[in-house]
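*Asks:* next come a sequence and a model predicted from it.
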Amino acid sequence: RSRQEQLKAEDNAAKILQEYTKEKEKMDLERKETKGVIGQKLFDTAQSSQLKEKARQQAEVTDQLRQQLSAIKADSERLSEELNQSNNALAANEKLLTTLKTQSDDSKERLES
């Protein structure tokens, strides 16, 4: 009878050990999954921060490009106005030159006659 009790006790101990092992494996897996979730959240947060920083830098570059474009437009308008004034001056000089040539031709004709 004592042998039977010993076998029963060993059987119970084996069952308890098996349950403990099963429970421990389950808890280890849960711990691993939790670490994975936390790690993923940390990664996502870091990635989000990087994306925000990239977006900020791109906004900065876009702003600089807008400023440069504005300066280029202002230069273009100024140069266009200068070109217009130069063309007007050139036209006035050509008109004056034509007038002087006509006067010169008239003077030549008078001298010759």
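*Replies:* That came through, no problem.
*Asks:* which regions of this protein lie under the pLDDT threshold?
*Replies:* Across the chain, nothing is flagged by pLDDT under 70.
*Asks:* okay, which residue is most central for it?
*Replies:* residue 58 (3.2 Å; CA atoms, centre = their mean).
*Asks:* need the three-state assignment for residue 59.
*Replies:* helix (DSSP: H, G, I helix; E, B strand; the rest coil).
*Asks:* how many neighbours does it have?
*Replies:* A count of nearby residues for residue 59, using other CB atoms under 10 Å, gives 10. In this view, the C-beta of every residue, glycine as well, is placed from N, C-alpha and C.
*Asks:* rewinding a little: dump the residue contacts of the residue nearest to the centre of the chain.
*Replies:* Residues in contact with residue 58 (CB atoms under 8 Å, 6 or more residues apart in numbering): none are found.
*Asks:* mind starting the numbering at 56 from now?
*Replies:* I'll keep to 56 as the first residue from here, and by that count the last item is residue 113.
*Asks:* separation between it and residue 103?
*Replies:* For residue 113, the distance to residue 103 (CB to CB, to the nearest Å) stands at 15 Å.
*Asks:* likewise residue 112?
*Replies:* Separation of residue 112 from residue 103 (CB to CB): 15 Å.
*Asks:* same check, this time on residue 77
*Replies:* For residue 77, the distance to residue 103 - CB to CB - is 39 Å.
*Asks:* now swap in residue 126 and tell me
*Replies:* The value you get for residue 126 to residue 103, if CB to CB is used, is 35 Å.
*Asks:* before we move on, what about residue 64?
*Replies:* 57 Å.
*Asks:* over to residue 136?
*Replies:* 49 Å.
*Asks:* just residue 63 next, same as before
*Replies:* From residue 63 to residue 103 the distance is 59 Å (CB to CB).
*Asks:* check which helix or strand residue 151 maps to.
*Replies:* Using DSSP states H and E, the element containing residue 151 is helix 57-167.
*Asks:* can you give me how far that helix is from the chain middle?
*Replies:* When C-alpha coordinates are averaged (CA atoms, centre = their mean, to the nearest Å), helix 57-167 and its chain have centres 0 Å apart.
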